[in-house]
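>>> turn this into a model:
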Amino acid sequence: MQSLPKTLADDVAKNLVMVARLIDEDPEGAYGYSKVALRLASRVAAVREAGGFAAYANQKYAEALAEFRAARRMTGTVDLWPLMADCERGLGRPEKALDMAGAPEVHKLDKAGQVEMRLVAAGARRDLGQLDAAIVTLQSPELASNAVQPWTARLRYAYADALLAAGRRGEAREWFAKAVEADKDGSTDASDRLAELDGVEFVDALDENEDETQGNGDEEAAAGPDEGDKE
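The predicted structure is shown next:
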């Protein structure tokens, strides 16, 4: 944004900060700020990228894909390739996502990007009803490794979920447990899925207290007034 006048650059930066701050908890709010930034500086790659992320978070896949493409043209990098492929999935074009998974651009991605591309490709296989192919797609050195990387929990979770969809319940349980081990920040619901497979039911403490309170009220009503209340 160095090419922008300082006042304009400051305004754009403030909107981009709000996009980053809100995108997880308030995607609609983030989207609103991204649109403001786009109106102010649509020729800045970082603005187009932020617009893409905000649109993607709101499942506006056509818009997200257009913004990601624009950002890629401006920068010449391939970092957004997996997200672009996932937008194709969101638009109901899993075959296109698979074509992108086999494109030369994938070899230019860093390790995290390649793992992300593998996740997208597996998702596309599942979109097409190809469960066995999805499972094979996820089988990789990264999946087999005992080292925990930023992508490990999501990769193990996707593998477990694919196994479960294919009816391989025992293996799925094993991999959900491995996902739990790697998921230190709770980025997946692997622990809930594992508990579900084990037949564990969670009772909301608030609901339980409400039931007890209701039950006590019913008992008091059934008992009627105290003898002292009778004349």
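>>> please count neighbours and contacts with C-alpha atoms only from this point.
Fine.
>>> can you get me a residue count around the nearest residue to Ala182 once chain neighbours are set aside?
Beyond its immediate neighbours in the sequence, the residue positioned closest to Ala182 (C-alpha to C-alpha, 6 or more residues apart in numbering) is Ala153, lying 5.1 Å away. The number of residues packed near Ala153 is 26, by other C-alpha atoms under 10 Å.
>>> same question for the one 4 residues further on.
With neighbours defined by other C-alpha under 10 Å, the count for Tyr157 comes to 24.
>>> that one: which element?
Using DSSP states H and E, Tyr157 sits in helix 152-165.
>>> can you give the distance of that helix from its chain's centre?
Computed by C-alpha atoms, centre = their mean, to the nearest Å, the chain-centroid distance of helix 152-165 equals 13 Å.
>>> tell me what that helix is packed against?
helix 111-127, helix 131-138, helix 141-144, helix 169-182 (3 or more C-alpha pairs under 8 Å, 6 or more residues apart in numbering; DSSP states H and E).
>>> rebuild those helices as JSON lines, extending it with mean neighbour count.
Shown next, in JSON lines, are the helices and strands packed on helix 152-165 (neighbours: other C-alpha atoms under 10 Å):
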{"stretch": "helix 111-127", "mean neighbour count": "22"}
{"stretch": "helix 131-138", "mean neighbour count": "19"}
{"stretch": "helix 141-144", "mean neighbour count": "14"}
{"stretch": "helix 169-182", "mean neighbour count": "20"}
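>>> okay if I get the ones you listed as JSON lines plus distance to Tyr56?
What follows is the helices and strands packed on helix 152-165, written out as JSON lines (distance: least, C-alpha to C-alpha, whole Å):
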{"stretch": "helix 111-127", "distance to Tyr56": "14"}
{"stretch": "helix 131-138", "distance to Tyr56": "23"}
{"stretch": "helix 141-144", "distance to Tyr56": "26"}
{"stretch": "helix 169-182", "distance to Tyr56": "25"}
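>>> quick revisit: give me the mean pLDDT for the helix holding Tyr157.
The average pLDDT within helix 152-165 is 97.
>>> export it to CSV, keeping only CA atoms.
Presented in CSV, the C-alpha positions along helix 152-165 are these (Å, rounded to 0.1, in the frame of the first residue of the first chain):
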residue,chain,number,x,y,z
THR,A,152,-1.7,-32.2,11.6
ALA,A,153,-5.0,-32.1,13.5
ARG,A,154,-7.1,-31.2,10.4
LEU,A,155,-5.4,-33.8,8.3
ARG,A,156,-6.0,-36.6,10.8
TYR,A,157,-9.6,-35.4,11.3
ALA,A,158,-10.3,-35.4,7.6
TYR,A,159,-8.9,-38.9,7.3
ALA,A,160,-10.9,-40.1,10.3
ASP,A,161,-14.1,-38.6,8.9
ALA,A,162,-13.5,-40.2,5.5
LEU,A,163,-12.9,-43.6,7.1
LEU,A,164,-16.2,-43.2,9.1
ALA,A,165,-18.1,-42.3,6.0
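>>> great, nothing more from me.
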